[in-house]
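Asker: Give me the fold of what follows.
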Amino acid sequence: MVVDGVPRAKPPPEVCAKGALEWEHTLVAFLVGRRLPAMKVKEVLQRKWGQVRVFSFHTVSNGVFLIKFENGHARDWVMDNGPWDIWGYHIALRKWTKGMSLRLEECRSIPVWVKLSNVPVHWWSNVGLSYIASVLGRPLYMDTPTTKRQTLTFARICVHMLATSSFPTAINLDLDDGSSTVVEVEYPWKPQACSLCKVFDHAN
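Answerer: Numbers count the residues shown, from 1 in each chain. This is a model prediction of the structure:
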């Protein structure tokens with residue numbers, strides 16, 4: 001149809017829902033600080049992710065790729081065993097969701113895995129851990145051992161962090177009895193940000 005002289009498409013909701021279902025086990029990926037040909041990226045990931053065996057690789061835009069898996073188990077195996085790199089360059093991974101931007105603009109924020117240690121047991125829940133991690137940035141998801149509480153030594157959470165972050169190594173946690181404790185923070189991989197531009201694409 002045409003609205004105000006402009007062609008307009010309005011598919012029924014089930015068309016969008018069916019299309020989104022096809023991509024539900026997909027990761028959005030890009031390399032931090034480097035652009036490489038799509039085929040080179042795919043070749044390296046096929047070697048590193050041999051346990052997954054089958055995935056399809058799709059170029060979306062300059063530097064952004066969609067990696068589609070056969071099931072959620074394969075996708076989550078990749079997430080749980082990260083962070084990953086290609087020739088020393090970190091590959092940022094996020095679970096695809098409907099409506100998320102697939103354009104790589106100025107890299108002012110990035111998903112980073114963090115390890116939280118010394119978390120009180122009664123705070124060890126998705127909600128409790130998310131509250132703690134929100135001090136660092138926007139919590140995205142946790143790895144399988146954390147969600148299943150297989151070990152309470154540390155929690156592993158992927159957090160969307162800003163280039164302006166100081167990447168603190170400790171968080172003061174106020175407890176319900178009026179006391180406080182210190183939650184220790186580690187970064188298995190910490191991106192370098194340009195102190196002048198405040199972006200992750202390059203370091204000065």
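
Asker: How confident is the prediction for the residue nearest to the spatial centre of the chain, by pLDDT?
Answerer: By Cα atoms, centre = their mean, the mean C-alpha position of the chain lies nearest to R94, the distance being 3.6 Å. R94 carries a pLDDT value of 86.

Asker: Confirm that it sits in a helix.
Answerer: No: read with DSSP: H, G, I helix; E, B strand; the rest coil, R94 is strand and lies in no helix.

Asker: Which residue ranges make up each domain of the chain?
Answerer: Using automatic domain parsing, the domain parsing of the chain gives 2-95, 109-186.

Asker: Next, count neighbours for A74.
Answerer: A74: 17 surrounding residues under other Cβ atoms under 10 Å. (Each C-beta comes from the backbone N, C-alpha and C, glycine too.)

Asker: I'd assumed P145 was in contact with T151.
Answerer: Yes: counting by Cβ atoms under 8 Å, T151 touches P145, with 6.0 Å between them.

Asker: Neighbour count for the two, which is higher?
Answerer: Set side by side, T151 and P145 show more neighbours around P145, with 15 against 10, by other Cβ under 10 Å.

Asker: Tell me which residues touch the more buried one, please.
Answerer: Listed by Cβ atoms under 8 Å, 6 or more residues apart in numbering, the contact partners of P145 are 80, 151, 156.

Asker: Dump those residues to TSV, plus secondary structure and pLDDT.
Answerer: Converted to TSV, the contacts of P145 look like this (DSSP: H, G, I helix; E, B strand; the rest coil; pLDDT from 0 to 100):
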residue	secondary structure	pLDDT
D80	helix	85
T151	coil	87
R156	strand	92
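
Asker: can I get these in TSV with distance to L116?
Answerer: Putting those into TSV (distance: Cβ to Cβ, whole Å) gives the following:
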residue	distance to L116
D80	16
T151	13
R156	8
